[in-house]
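Novice: No letters, just coordinates:
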């Protein structure tokens with residue numbers, strides 16, 4: 001049955017309570033909705049989502065089982081079932097349920113619901129197909145086109161992604177996202193005429209703050225592409241100034257010192273776990289995606305890309321103990337680290353179904369490297385190090401996801417972050433010399449074979465010539481370097497020479513920290 005307007009109003013009220021983190025009020029309102037429409041899918045779906053958000057996965061599963069019994073042919077129910085299975089780290093079941101949803105989905109709304117979940121889970125091959133089906137039904141629908149574009153970009157279909165962005169620009173739809181996405185491909189050139197159009201769009205006084213930010217970053221990158229470095233520098237300074245940031249160097253330095261003091265010392269650890277994991281860490285834009293692509297070209301290695309699992313496991317433990325990592329790490333027993341290591345392996349098992357080893361490439365995990373090696377003492381951590389000025393400037397040119405990498409929107413903050421990271425990295429390397437490798441990005445570009453052989457040896461992997469041609473490896477890559485890793489290894493990726501005088505103060509600032 002379809003819920004009445006009164007019931008739909010209750011569902012909206014419950015969602016408002018959840019946005020205010022008032023779970024108790026939301027639950028009361030949902031109960032009222034359930035009493036009035038006990039078999040309506042929107043009500044059951046709201047209940048499932050509520051229980052997922054508050055961590056009651058068993059209760060969510062019971063409601064879903066009821067929904068599947070009531071509406072086994074409704075694709076949206078199977079999408080919700082797949083999402084819940086993913087929450088439980090059961091990706092085999094999740095994929096099966098999402099495939100069932102795909103087989104049942106016919107209408108545009110059902111296909112879009114499925115596409116959004118596939119995008120959330122990073123299942124780009126399936127996303128590309130489902131989004132294409134949705135576009136056949138509504139060719140002009142913007143959300144479906146953007147989802148199709150994200151999947152194409154992740155899969156290395158750069159020309160298709162560029163065509164999609166240009167189609168949106170021509171239609172003057174989502175100009176900020178479209179121009180930013182086109183320039184964020186990084187391997188696609190734009191013409192002088194396109195640059196002039198971008199200038200006009202970026203100067204529109206009716207733009208929202210979000211659109212000004214997106215267009216500002218796009219314009220800065222386009223001007224650099226056309227060799228106009230003074231204007232590019234000015235545009236990027238203005239764009240970065242629009243991004244709110246709560247990052248504080250002193251507070252972050254204290255946090256990092258607390259964690260490294262607690263972990264960079266001998267002490268208990270798990271027993272022999274982690275041989276199947278390679279962590280890749282560093283600063284964003286430092287070359288971690290290239291190094292992962294090299295490793296993922298090996299027949300024994302799956303490239304899992306950016307996973308939040310390590311942080312999720314540590315955060316959950318800190319919440320359970322009601323103490324920060326720095327406060328509880330020094331008191332953790334070998335059994336504690338064993339339990340946490342097993343939780344990590346269980347939650348990431350999907351990435352080792354076809355190959356025995358998987359990478360975990362989340363740059364900011366450098367902060368948790370000590371915890372990772374306590375949990376998984378047989379794992380490897382590869383810290384990818386690129387020239388600090390090149391790295392920081394590349395970060396400054398990049399608009400990251402909201403709430404992430406907040407230090408990157410100020411050159412002063414970037415200099416401070418680099419120094420804090422470098423000091424912590426040296427401590428991890430000293431504490432775990434057999435398991436922590438600092439990999440020079442420039443050295444890999446200068447002598448790929450020698451560096452790749454050494455890298456594989458560190459990972460206890462036999463040399464495989466496929467690793468020398470990582471651009472030929474076909475896999476999904478969801479990062480700002482998705483298109484760049486499809487190119488052969490270059491001898492140099494230096495980009496700051498055109499800003500020599502403009503970046504002089506920053507170079508001095510970096511050296512003085």
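Specialist: Nice, thanks for sending it over. Since the structure is predicted, the reported quantities are computational estimates derived from the model, not experimental observations.
Novice: tell me the contacts of residue 81?
Specialist: Shown in contact with residue 81 (C-beta atoms under 8 Å, 6 or more residues apart in numbering): 64, 68, 97. Where C-beta positions appear, they are placed from N, C-alpha and C, glycine not excepted.
Novice: Now it: which helix or strand?
Specialist: Element membership for residue 81, per DSSP states H and E: helix 75-87.
Novice: How about residue 338?
Specialist: Per DSSP H and E: helix 334-347 holds residue 338.
Novice: What ranges does the stretch 251-400 of the chain have for its strands?
Specialist: For the stretch 251-400 of the chain, strands defined by DSSP state E, counting those that start in this stretch occupy the ranges 277-282, 301-303, 357-361, 380-385.
Novice: Quick one: the strands in the stretch 1-150 of the chain, in order.
Specialist: Going by DSSP E, counting those that start in this stretch, the stretch 1-150 of the chain shows no strands.
Novice: pLDDT weak spots in the protein?
Specialist: Flagging of the chain using pLDDT under 70 yields the residue ranges 1, 474-494, 513.
Novice: Nearest the geometric middle of it, what residue?
Specialist: Residue closest to the mean C-alpha point of the chain, counted by C-alpha atoms, centre = their mean, is residue 306 at 5.0 Å.
Novice: the domain parsing of the protein - what is it?
Specialist: As assigned by automatic domain parsing, the chain contains the domains 156-242, 251-512.
Novice: Would you reformat those domains as TSV and include distance to residue 22?
Specialist: TSV is the format used below for the domains of the chain (distance: least, C-beta to C-beta, whole Å):
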stretch	distance to residue 22
domain 156-242	27
domain 251-512	19
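Novice: Which among the ones you listed is found nearest to residue 49?
Specialist: domain 251-512 (18.9 Å; C-beta to C-beta).
Novice: Can you list the helices and strands that the longest helix anywhere in the chain packs against?
Specialist: Ranked by residue count, the top helix of the chain under DSSP state H comes out as helix 411-431. In terms of contacts (3 or more C-beta pairs under 8 Å, 6 or more residues apart in numbering; DSSP states H and E), helix 411-431 is packed against helix 249-263, helix 369-375, strand 380-385, helix 388-396, strand 436-440, helix 504-512.
Novice: I'd like to know how far residue 388 sits from residue 286.
Specialist: 9 Å (C-beta to C-beta, to the nearest Å).
Novice: Residue 364 too?
Specialist: Distance from residue 364 to residue 286, by C-beta to C-beta: 11 Å.
Novice: which residues does residue 357 contact?
Specialist: Applying C-beta under 8 Å, 6+ apart, the residues contacting residue 357 are 275, 276, 277, 278, 300, 301, 302, 459, 461.
Novice: now swap in residue 282 and tell me
Specialist: Applying C-beta under 8 Å, 6+ apart, the residues contacting residue 282 are 288, 363, 366, 383, 384, 385, 386.
Novice: related to what we said a few turns ago, who's more crowded, residue 364 and residue 286?
Specialist: residue 286 (27 against 17; other C-beta atoms under 10 Å).
Novice: Could you find the closest non-adjacent residue to that one?
Specialist: Nearest residue to residue 286, sequence neighbours excluded (C-beta to C-beta, 6 or more residues apart in numbering): residue 386, at 4.3 Å.
Novice: residue contacts, that neighbour?
Specialist: Per C-beta under 8 Å, 6+ apart, neighbours of residue 386: 282, 283, 285, 286, 287, 440, 441, 442.
Novice: Out of these, flag the one nearest to residue 145.
Specialist: Distances from residue 145 to the contacts of residue 386, taken by C-beta to C-beta, are shortest for residue 285, at 27.4 Å.
Novice: Return the distance of the closest residue to that closest one other than its chain neighbours relative to residue 470.
Specialist: Leaving aside its sequence neighbours, residue 285 sits nearest to residue 394 (C-beta to C-beta, 6+ apart; 3.7 Å). Note on residue 394: its distance to residue 470, by C-beta to C-beta, is 19 Å.
Novice: Give me the more crowded residue out of those two.
Specialist: The neighbour count for residue 394 versus residue 470, taken as other C-beta under 10 Å, is higher for residue 470 (25 against 22).
Novice: hmm, back to that, export the strands of the stretch 251-400 of the chain to JSON lines and tack on distance to residue 246?
Specialist: JSON lines is the format used below for the strands of the stretch 251-400 of the chain (distance: least, C-beta to C-beta, whole Å):
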{"stretch": "strand 277-282", "distance to residue 246": "23"}
{"stretch": "strand 301-303", "distance to residue 246": "32"}
{"stretch": "strand 357-361", "distance to residue 246": "26"}
{"stretch": "strand 380-385", "distance to residue 246": "26"}
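Novice: which stretch among those comes nearest residue 466?
Specialist: Nearest to residue 466, of these and by C-beta to C-beta, is strand 301-303 at 10.4 Å.
Novice: mind listing what that closest one pairs with, with the direction of each?
Specialist: Strand 301-303 pairs in its sheet with strand 357-361 (parallel), by DSSP bridges.
Novice: tell me which residues of the partner strand are tucked away?
Specialist: Of all the residues in strand 357-361, those buried under the rule 16 or more other C-beta atoms under 10 Å are 357, 358, 359, 360, 361.
Novice: ok, the residues you listed vs residue 314, which is closest?
Specialist: residue 360 (13.2 Å).
Novice: Correct me if wrong: the closest one contacts residue 276.
Specialist: No. Contact criterion C-beta atoms under 8 Å: residue 360 and residue 276 do not qualify, at 10.6 Å.
Novice: before we move on, the earlier item: in JSON lines, list the contacts of residue 81 along with distance to residue 2 and neighbour count.
Specialist: Shown next, in JSON lines, are these (distance: C-beta to C-beta, whole Å; neighbours: other C-beta atoms under 10 Å):
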{"residue": "64", "distance to residue 2": "19", "neighbour count": "24"}
{"residue": "68", "distance to residue 2": "19", "neighbour count": "16"}
{"residue": "97", "distance to residue 2": "24", "neighbour count": "23"}
